[in-house]
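Undergrad: Would you be able to build a 3D model of this:
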Amino acid sequence: MRKFYLAASIMLLAFPFTSPALATANHDLEELKAEIHNMKQSYENRISELESKLKKLETAKAAPSGLAPAAPGDPSDRKVYGNEFNPSISVILNGKYSGLSADSLELAGFGVGEEGERGREGLALDESELTFSASIDDKFYGSLTAAIVREGGEDKVELEEAYVQTLA
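TA: Next comes the predicted model:
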């Protein structure tokens, strides 16, 4: 029994020396809880700010701007990019292949004109187009379309369309 009292008294004497360590641990725990609470509050405030900005953007997008939409095909709806000199170039090649069974074709009563004559056999390139378009400067945009044709046995370049548009 004496050993029990001795052990109990040693524990009672040692207990007051351990309580400052426990108090420090409790204080650190309270500081951590307070810091986590502050972080939660900060994130909730930030989320509410972002949600309000999102609502403003959605309402601004849904509101009509007061401008009438451009008609389809209207030159004003064309996007012109601020390239220093970077023209748009397009080529349309009209090719064909002819495999004819007879050497000649003559029908009584039908005259053969310039465009009605029989073409060459094999691969051939018919009328083709070449288009250039670019910003001329900060106020003008231009386009040129030329056709490459074969007339009278000669290849020719004909101007199909050319225009200059103001960028206002």
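Undergrad: How is this structure partitioned into domains?
TA: 1-63, 75-99+120-166 (automatic domain parsing).
Undergrad: average pLDDT for the last one?
TA: To tie it back to what came earlier, the one meant is domain 75-99+120-166. The predicted model gives domain 75-99+120-166 an average pLDDT of 81.
Undergrad: Likewise for the first one?
TA: For domain 1-63, the mean pLDDT works out to 77.
Undergrad: how close does residue 40 sit to residue 27?
TA: Counting by Cβ to Cβ, to the nearest Å, the gap from residue 40 to residue 27 is 21 Å. Placement of C-beta: from N, CA and C, glycine included.
Undergrad: Repeat that for residue 141.
TA: Per Cβ to Cβ, residue 141 is found 73 Å from residue 27.
Undergrad: Between these two, which is the more surrounded one?
TA: residue 141 (17 against 10; other Cβ atoms under 10 Å).
Undergrad: show me the residues around residue 130 that make contact.
TA: Residues in contact with residue 130 (Cβ atoms under 8 Å, 6 or more residues apart in numbering) are 89, 90, 91, 92, 145, 146, 147, 148.
Undergrad: so can I have CSV of these showing neighbour count and secondary structure?
TA: Shown next, in CSV, are these (neighbours: other Cβ atoms under 10 Å; DSSP: H, G, I helix; E, B strand; the rest coil):
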residue, neighbour count, secondary structure
89, 10, strand
90, 10, strand
91, 9, strand
92, 12, strand
145, 17, strand
146, 17, strand
147, 16, strand
148, 18, strand
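Undergrad: Distance to residue 155 added to those residues, as TSV?
TA: Formatted as TSV, these follow (distance: Cβ to Cβ, whole Å):
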residue	distance to residue 155
89	20
90	20
91	15
92	16
145	17
146	12
147	11
148	7
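Undergrad: for these, which one is nearest residue 132?
TA: The shortest approach to residue 132 among those belongs to residue 89, at 5.7 Å (Cβ to Cβ).
Undergrad: Now the closest one: closest residue in space, sequence neighbours ignored.
TA: Once flanking residues are discounted, residue 89 sits nearest to residue 132: 5.7 Å by Cβ to Cβ, 6 or more residues apart in numbering.
Undergrad: Please name the strands paired to the helix or strand that contains the one you found in the sheet, noting orientation.
TA: Under the criterion of DSSP states H and E, residue 132 resides in strand 128-135. Taking DSSP bridges as the criterion, strand 128-135 sits next to strand 88-92 (antiparallel), strand 140-151 (antiparallel) in its sheet.
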